[in-house]
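Undergrad: Provided below are the primary sequence and the corresponding predicted coordinates.
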Amino acid sequence: MQTAIEKLNQQNMKAQVVDVRSGDSVRVHQRIHEGNKERIQIFQGTVIKTSNKNNAMNRITVRRISGGLGVEKSFLLHSPLVVKVEVTKRSKVRRNYLSYMRERTGKSARLSSVDFDSAQVNDISQDVPAQEPEKTEDPSAIPATEKEPVE
């Protein structure tokens with residue numbers, strides 16, 4: 001039997017989310033509200049932490065260097081404010097939490113990359129079947145421009 005919290009979590013989860021792992025370089029498209037305007041902001045960096053996989057509270061922490069300073073942002077993947085997450089590079093790491101990356105800069109902050117199929121990882125719509133337009137069998141429902149001329 002599901003508790004009330006589990007039911008609420010199931011209602012708020014997105015249908016599909018990109019498989020993001022620690023060590024991935026990602027581009028997170030986030031919806032920003034400024035007054036009565038809305039825009040999409042892209043935050044690009046390395047995922048240093050993932051938590052609560054397969055849960056509505058699935059969270060990633062992304063780190064980047066901006067102006068010589070390290071900036072970290074945490075994103076809830078099932079949030080309606082997170083529009084899209086793209087994995088640009090996948091790296092080989094042996095930990096879930098890459099806290100040691102905070103002290104590293106320059107060449108020592110590089111991670112060894114692994115070959116992966118970016119189209120398959122980023123294309124979350126491939127598992128969802130595409131809806132085909134309804135076909136009409138009644139010839140009177142077809143507009144006159146699509147009817148073949150009778151000779």
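TA: Alright, I've got the coordinates. Residues are numbered from 1 along each chain as shown.

Undergrad: mind listing the helices for this structure?
TA: 4-12, 118-122 (DSSP state H).

Undergrad: Save those helices as CSV, and put in mean pLDDT and mean neighbour count too.
TA: Quick note: C-beta positions are derived from backbone N, CA and C, even for glycine. As requested, the helices of the chain are exported to CSV (pLDDT from 0 to 100; neighbours: other Cβ atoms under 10 Å):
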stretch, mean pLDDT, mean neighbour count
helix 4-12, 81, 11
helix 118-122, 83, 13
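
Undergrad: For the longest strand anywhere in the chain, which residues meet the burial criterion?
TA: For the chain, the strand with the greatest residue count under DSSP state E is strand 37-51. By neighbour count with 16 or more other Cβ atoms under 10 Å, strand 37-51 contains the buried residues 45-50.

Undergrad: with those in mind, which one is nearest to Asn9?
TA: Set against Asn9, the nearest of those by Cβ to Cβ is Thr50 (17.4 Å).

Undergrad: ok now do the closest one, which residues does it touch?
TA: 20-22, 58-61, 96 (Cβ atoms under 8 Å, 6 or more residues apart in numbering).

Undergrad: redo that, cut-off 7 Å
TA: Applying Cβ atoms under 7 Å, 6 or more residues apart in numbering, we find Thr50 in contact with 20-22, 60, 96.

Undergrad: Run through this structure and note the low-pLDDT ranges.
TA: Low-confidence segments of the chain, defined by pLDDT under 70: 1, 124-151.

Undergrad: In space, not sequence, find me the middle residue of it.
TA: Val85 (2.7 Å; Cα atoms, centre = their mean).

Undergrad: if I read this right, Phe75 contacts Ile60, doesn't it?
TA: Yes. Applying Cβ atoms under 7 Å, one finds Phe75 in contact with Ile60, separated by 5.5 Å.

Undergrad: Could you check which of the two has the larger neighbour count?
TA: Taking neighbours as other Cβ atoms under 10 Å, Phe75 and Ile60 compare with Ile60 leading, 24 against 20.

Undergrad: roughly how far apart are Thr61 and Asp117?
TA: 25 Å (Cβ to Cβ, to the nearest Å).

Undergrad: more neighbours, these two?
TA: A count of neighbours by other Cβ under 10 Å puts Thr61 above the other of Thr61 and Asp117, at 18 against 9.
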